[in-house]
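>>> Any chance you could fold what I've pasted below:
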Amino acid sequence: MTQIFNFSAGPAVLPKSVLERAQAEMLDWHGSGMSVMEMSHRGKEFMSILAKTEADLRTLLNIPGNYKVLFLQGGAIAENAMIPLNLLNGKVADYAVTGGWSKRSVEDASAYGTVNVVASSEADQYTHVPAFSSWKLDKNAAYLHICTNETMSGVEFVDLPSTNGVPIVADMSSHILSRQIDVSQYGVIYGGAQKNIGPAGLCIVIVREDLLGKASPLTPAVFNWKTQAENQSMINTPPTYSIYIAGLVFEWLLAKGGVAAIEQENIAKAKLLYEYIDSTDFYVNHVAIKNRSRMNIPFFLHDESLNDAFLKGAEVHGLLQLKGHRAVGGMRASIYNAMPIEGVQALVAYMKEFESAH
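Alright, predicted model coming up:
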């Protein structure tokens with residue numbers, strides 16, 4: 001069988017060793033006689049899985065003690081509603097629009113109160129993060145929302161604006177655990193698991209404790225962060241199997257040396273692909289160099305009539321899911337933590353071959 005490299009933006013590639021371990025434990029987890037899929041979420045077996053998963057995530061991100069970690073459902077899209085329900089409370093919220101997902105966040109949050117778009121790169125086809133000096137921040141805003149890595153357009157934040165105490169709420173779905181961050185700079189960090197953490201169905205929320213207890217009285221209990229924190233994310237049945245797989249991914253990442261080590265691998269992978277794209281006129285990436293994502297790399301063929309041929313040839317070479325998001329077009333290579341550098345090397349080799357043939 002041809003070696004397969006899966007460049008899907010999500011659900012995305014998982015470490016092979018994690019899948020093999022899950023396979024080995026599928027029918028009998030640690031001698032319990034049960035699959036994790038069958039366990040009571042309140043039984044001692046799953047409670048031990050949940051506790052270790054949270055502890056390992058705290059270690060990986062060096063999460064301060066005054067932050068709660070929640071394991072929720074509904075993905076990052078559900079958080080678009082949960083965030084204003086938990087934080088807005090009659091105030092204004094600031095939102096920066098740097099891609100399709102942050103634009104969606106604005107649309108969803110607007111149903112719950114007043115949203116102030118402080119900056120937008122939509123007119124430039126989402127090819128950069130607007131200079132912070134141009135942001136029209138409200139010093140009395142309940143929070144500032146940003147998407148620190150735009151999966152569709154491949155735009156990534158490399159620093160943060162000064163907000164004079166307004167908490168920053170960051171959607172990190174597609175680059176969480178890929179680079180070192182200082183959690184204390186954020187009020188809330190959230191992300192869907194299906195890109196860099198585990199399977200779809202789980203959303204992780206890291207929230208500073210002083211931001212709990214501010215929810216609108218109309219907030220359903222399942223959406224209320226304070227209620228979820230007080231109940232260990234289990235006011236209803238959590239996505240148990242997704243949490244289990246996330247825990248295996250965290251163990252895999254710790255064994256590799258943690259976030260600092262995987263960041264160096266990610267730098268090398270992204271450098272390899274961007275350097276080749278920049279070396280030829282046959283392919284192009286439009287994102288400002290400073291804001292190029294390490295995780296999601298969109299690129300276009302100079303002659304887009306060759307798109308279908310490129311994708312068909314890629315599949316023959318075992319390079320899958322390279323078609324760009326329908327809102328952007330072109331190609332996109334998502335090279336998350338679990339993508340080995342050999343996958344990027346294979347992609348670059350194919351791109352060179354295709355260029356030579358056309």
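
>>> mind listing the helices for the chain?
16-24, 44-61, 75-87, 100-109, 225-230, 240-255, 258-278, 307-316, 341-357 (DSSP state H).

>>> Let me know which of the ones you listed is tucked in deepest.
helix 75-87 (a mean of 24; mean count of other CB atoms under 10 Å). Yep, even glycine has a C-beta here, placed from its N, CA and C like the rest.

>>> Remind me what it packs against, helices and strands.
strand 67-72, helix 100-109, strand 168-171, strand 188-192, strand 203-208, helix 225-230 (3 or more CB pairs under 8 Å, 6 or more residues apart in numbering; DSSP states H and E).

>>> run the last query once more with 7 Å
Packing partners of helix 75-87 (3 or more CB pairs under 7 Å, 6 or more residues apart in numbering; DSSP states H and E): helix 100-109, strand 188-192, strand 203-208.

>>> Indicate which one of the helices of the chain is closest to residue 218.
When the helices of the chain are compared for distance to residue 218 using CB to CB, the nearest one is helix 75-87, at 7.3 Å.

>>> That closest one versus strand 203-208: what angle between them?
Angle, helix 75-87 to strand 203-208, by axes from the mean of the first three to the mean of the last three CA atoms, to 10 degrees: 30 degrees.

>>> Give me the contacts around helix 75-87.
Applying CB atoms under 7 Å, 6 or more residues apart in numbering, the contact partners of helix 75-87 are 93, 104-105, 108-109, 112-113, 142-143, 145, 169, 171, 173, 190-192, 203, 205, 211, 214-216, 219, 223-225.

>>> Need the helices of the chain in a markdown table (columns: mean pLDDT).
Formatted as a markdown table, the helices of the chain follow (pLDDT from 0 to 100):
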| stretch | mean pLDDT |
| --- | --- |
| helix 16-24 | 96 |
| helix 44-61 | 97 |
| helix 75-87 | 92 |
| helix 100-109 | 94 |
| helix 225-230 | 96 |
| helix 240-255 | 97 |
| helix 258-278 | 98 |
| helix 307-316 | 97 |
| helix 341-357 | 97 |
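
>>> Would you format the ones you listed as TSV with distance to residue 196 included?
Output for the helices of the chain, formatted as TSV (distance: least, CB to CB, whole Å):
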stretch	distance to residue 196
helix 16-24	12
helix 44-61	11
helix 75-87	12
helix 100-109	15
helix 225-230	22
helix 240-255	8
helix 258-278	10
helix 307-316	22
helix 341-357	15
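
>>> Point out the one among those that comes closest to residue 289.
Of these, the one closest to residue 289 (CB to CB) turns out to be helix 258-278, at 8.3 Å.

>>> Show me the contact partners of stretch 246-265.
Applying CB under 7 Å, 6+ apart, the contact partners of stretch 246-265 are 14-15, 17-18, 21-22, 49, 52-53, 56-57, 59-61, 177-180, 193, 197-198, 202, 337, 341.

>>> Ignore what I typed, I meant stretch 130-148.
Stretch 130-148 is contacted from outside by 83, 87-89, 91-96, 98-99, 101-102, 105, 116, 118-119, 121, 156-157, 161, 163-164, 166-172, 175, 187, using CB under 7 Å, 6+ apart.

>>> Quick check on those residues: which are buried?
The neighbour count (16 or more other CB atoms under 10 Å) marks 83, 87-88, 93-96, 98-99, 101-102, 105, 118-119, 121, 156-157, 161, 163, 166-172, 175, 187 as buried among those.

>>> Specify the beta-bridge partners of residue 296.
residue 334 (DSSP bridges).

>>> which residues touch it?
9, 149, 151, 154, 174, 332, 334.

>>> Would you agree the last one is in contact with residue 12?
Spelled out, that is residue 334. Yes: look at residue 334 against residue 12 with CB atoms under 7 Å: they come within range, at 6.1 Å.

>>> Look up how far residue 40 lies from the closest residue to residue 160 other than its chain neighbours.
Closest residue to residue 160 apart from its sequence neighbours, by CB to CB, 6 or more residues apart in numbering: residue 185 at 6.0 Å. For residue 185, the distance to residue 40 equals 38 Å [CB to CB, to the nearest Å].

>>> rewinding a little: show the pLDDT at the residue nearest to residue 160.
pLDDT, residue 185: 98.

>>> That one: neighbouring residues, count only.
13 (other CB atoms under 10 Å).

>>> and what of residue 337?
Residue 337, neighbours per other CB under 10 Å, totals 27.

>>> Pairing-wise in the sheet, spell out the partners of residue 301.
Here residue 301, judged by DSSP bridges, has bridge partners residue 283.

>>> Could you verify my assumption that it touches residue 283?
Yes: contact criterion CB under 7 Å: residue 301 and residue 283 qualify, at 6.2 Å.

>>> residues in contact with residue 54?
residue 69.

>>> what's the spacing between it and residue 312?
Look at residue 54 and residue 312: by CB to CB, they are 44 Å apart.

>>> Mind pulling up the pLDDT for residue 74?
In this model, residue 74 carries a pLDDT of 88.

>>> same deal with residue 1?
At residue 1, pLDDT is 55.

>>> I am finished for the moment; much appreciated.
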